[in-house]
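Asker: What follows is a predicted structure for the sequence shown.
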Amino acid sequence: MSLISAVPLDSRLCLCRTLFGLTHELKAIRRTIPNLGMCRGGKSIAPSMSMSSTTSVSNEDGVPRRIGDHHSNLWDDDSIDSLSTSYEAPSYRERADRVIGEVKDMFDLMSVEDGVSTSPLTDLHHRLWMVDSVERLGIDRHFKNEINSALDHVYSYWTEKGIGRGRESGVTDLNSTALGLRTLRLHGYMVSSHVLDHFKNEKGQFTCSAIQTEGEIRDVLNLFRASLIAFPGEKIMEEAEIFSTMFLKDALQKIPPSGLSQEIEYLLEFGWHTNLPRMETRMYIDVFGEHTTFETPYLIRQKLLELAKLEFNIFHSLVKRELQSLTRWWKDYGFPQITFSRHRHVEYYTLAACIANDPKHSAFRLGFGKICHMITVLDDIYDTFGTVEELDLLTAAFKRWDPSSIDCLRDFMRGVYMAVYDNINEMAREAQKIQGRDTVSYVRKSWEAFIDAYMQEAKWISSGYLPTFDEYLENGKVSFGSRITTLEPVLM
């Protein structure tokens, strides 16, 4: 059985495929994923019109109600329970730990002067390649000390003209210099982009040979990656990006489909600021095995690839189990019965898993998914479905902070009220274990301010009042929800 079990990143479903490691089209997916966002969009306000777009009215209980015009839910939640979590078996973790030790030994060998893998003619490039590889393969968290040691060594040989492939190579090298510029900057080292001036011709332009060899293409690919790590006003980085982009696009027209072409296409599309580490890891696992031009022993590449596949699938099994736990929570609080509201817990959990992809951050991923989903349900209640009278009761219940308050609430409000109540108390208990203090009061104040802001918007809608721009922004700073989505994870 192949260690890696995700499909190629070739569709709009690639993010969910990458996150959950799908090998085929899940029956649970009803449609391709549109642009999703957690933020509350701009709103037009008029009498009897919700701040959210509405197209239908419900009066099943005799009360005219608005219903938001939202796209249907993307997932059949019953199917989430069928997701496989086979890589949680202890044998996979044990094997990964053994390979981690072997890779650490390989890092240690690099620190041995004139060692087999550390020729003075290639040692700088080899260290940079190792650091870059473990980072792009998503396994760098296991090698923090080794990475720092490798980069300290490279930096000690850094010059105003950059570096060569090794400490005794004598000639600066574009590939090593570009990779070093990017990697050292990302790790906080002070390196100037003016090192790239030494790779221009007498006319002050970057140049390349007429024959685009694989080695030269990889040189320019690292130049492109480095150009994206620019400070404002760095003209040479802008020039490097323009040159490398044109060069790589031209190269794509000439080289056959391969791992190199796949890597170029991915980086040109997503760059750096719009990239997601887990997506790049999934892509890089596919192409890493094809990297044969480096002066790197085959065994090292195979060990890195094996560890990357193990860690990728182990984390995916954890993600699937967490998603199943989140779905059970969603069902236990009766959210499926709130049919007028958006069910977006899967999307929010996906966002959290992209932000925090270390296994130890499970509490954050689950907490973030729950908080954002509760915010969405409350948004639909306050913006569209609830009447002002009902919303006044719900707002008062949040301020009383007493489970018995649900007795005066409508049925569609009770589940979300108890979910918020239980979630805050549960997170406070976990935070107390870490911080040794009670944090409930801090979180309650944030939630009360958030609910008050929602209530204000509901009153504006009901009365037809059009707030001034300043009024809207002042209230929106709270109703946006950023305070409560960041406070609870921070306290954890």
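Answerer: Happy to help now that I have it.
Asker: What's the mean pLDDT across the helix or strand encompassing Glu474?
Answerer: Element membership for Glu474, per DSSP states H and E: helix 469-479. For helix 469-479, the mean pLDDT works out to 96.
Asker: Check which residues of that helix are buried.
Answerer: Tyr472, Asn475, Gly476, Val478, Ser479 (16 or more other CB atoms under 10 Å). Heads up, the C-betas are built off the backbone N, CA and C, glycines and all.
Asker: Make TSV out of these and add distance to Gln337.
Answerer: TSV is the format used below for those (distance: CB to CB, whole Å):
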residue	distance to Gln337
Tyr472	33
Asn475	30
Gly476	30
Val478	29
Ser479	25
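Asker: of those residues, closest to Ile381?
Answerer: Minimum separation from Ile381 among the buried residues of helix 469-479 (CB to CB) is found for Ser479, which lies at 13.1 Å.
Asker: and the nearest residue to that closest one once chain neighbours are set aside, what does it touch?
Answerer: In space, Ser479 comes closest to Ala453 once its chain neighbours are excluded; the distance is 3.8 Å by CB to CB, 6 or more residues apart in numbering. Neighbouring residues of Ala453 by CB atoms under 8 Å, 6 or more residues apart in numbering: Asn475, Gly476, Val478, Ser479.
Asker: In contact with Arg321, which residues?
Answerer: Thr85, Glu88.
Asker: any idea which helix or strand carries it?
Answerer: Residue-wise, Arg321 maps onto helix 298-332 under DSSP H and E.
Asker: After that helix, which helix or strand is next? Please name it.
Answerer: Counting by DSSP H and E, what follows helix 298-332 is helix 345-355.
Asker: okay, and for the stretch 51-200 of the chain, where does confidence drop off?
Answerer: 51-61, 112-118 (pLDDT under 70).
Asker: can you pull out the strands in it?
Answerer: Ranges of strands in the stretch 51-200 of the chain, per DSSP state E, counting those that start in this stretch, are 54-58, 65-68.
Asker: Name every strand pairing with the last one and say which way it goes.
Answerer: Next to strand 65-68 in the sheet, as set by DSSP bridges, lie strand 54-58 (antiparallel).
Asker: so the residue nearest to Ser479, which of the three states?
Answerer: The three-state assignment at Ala453 reads helix, by DSSP: H, G, I helix; E, B strand; the rest coil.
Asker: Over to the one 4 residues further on?
Answerer: Remark: Glu457 carries the secondary structure label helix [criterion: three-state DSSP].
Asker: how close does it sit to Arg414?
Answerer: Distance, Glu457 to Arg414, by CB to CB, to the nearest Å: 22 Å.
Asker: Please identify which of the two sits among more neighbours.
Answerer: A direct count of neighbours by other CB atoms under 10 Å for Glu457 and Arg414 places Glu457 higher, at 22 against 18.
Asker: In contact with the closest residue to His198 other than its chain neighbours, which residues?
Answerer: Spatial nearest neighbour of His198, chain neighbours left out: Lys161 (4.7 Å); criterion: CB to CB, 6+ apart. Shown in contact with Lys161 (CB under 8 Å, 6+ apart): Thr172, Val195, His198.
Asker: Quick check: the gap between Lys161 and Ser119.
Answerer: Counting by CB to CB, the gap from Lys161 to Ser119 is 21 Å.
Asker: if we can go back for a sec, can you list the contacts of Lys161 in a markdown table and add neighbour count and distance to Ser463?
Answerer: Shown next, in a markdown table, are the contacts of Lys161 (neighbours: other CB atoms under 10 Å; distance: CB to CB, whole Å):
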| residue | neighbour count | distance to Ser463 |
| --- | --- | --- |
| Thr172 | 16 | 70 |
| Val195 | 22 | 63 |
| His198 | 13 | 67 |
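Asker: any idea which of the residues you listed is the one closest to Leu366?
Answerer: Closest to Leu366, out of all of the contacts of Lys161 and judged by CB to CB, is Val195, at 44.7 Å.
Asker: Could you verify my assumption that that closest one touches Thr177?
Answerer: Yes - counting by CB atoms under 8 Å, Val195 sits close enough to Thr177 to count as a contact (5.6 Å).
Asker: residues bridging contact with the two, i.e. touching both?
Answerer: Shared contacts of Val195 and Thr177, defined by CB under 8 Å, 6+ apart, comprise Gly162.
Asker: mind giving me the domain ranges of the protein?
Answerer: The record assigns the chain these domain ranges, following automatic domain parsing: 36-73+342-491, 89-310.
Asker: Using TSV, lay out those domains together with distance to His316.
Answerer: Listed next are the domains of the chain as TSV, based on distance: least, CB to CB, whole Å:
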stretch	distance to His316
domain 36-73+342-491	10
domain 89-310	9
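Asker: Those: which one's closest to Thr327?
Answerer: Short answer: domain 36-73+342-491, nearest of the domains of the chain by CB to CB, at 7.1 Å.
Asker: can you give me how far that closest one is from the chain middle?
Answerer: What separates the centre of domain 36-73+342-491 from the centre of its chain is 23 Å, taken as CA atoms, centre = their mean, to the nearest Å.
Asker: Could you say which one of the domains of the chain comes nearest to Pro336?
Answerer: domain 36-73+342-491 (7.3 Å).
Asker: since we're on the nearest residue to Ala356 once chain neighbours are set aside, how many residues are nearby?
Answerer: Take Ala356 and drop its neighbours on the chain: the residue closest to it by CB to CB, 6+ apart is Phe364, 5.1 Å away. For Phe364, the neighbour count with other CB under 10 Å is 18.
Asker: if we can go back for a sec, select, out of the domains of the chain, the one closest to Ser325.
Answerer: domain 36-73+342-491 (6.7 Å).
Asker: Now do the buried residues in stretch 342-351.
Answerer: Buried, per 16+ other CB under 10 Å, within stretch 342-351: Arg342, His343, Arg344, His345, Val346, Glu347, Tyr348, Tyr349, Thr350, Leu351.
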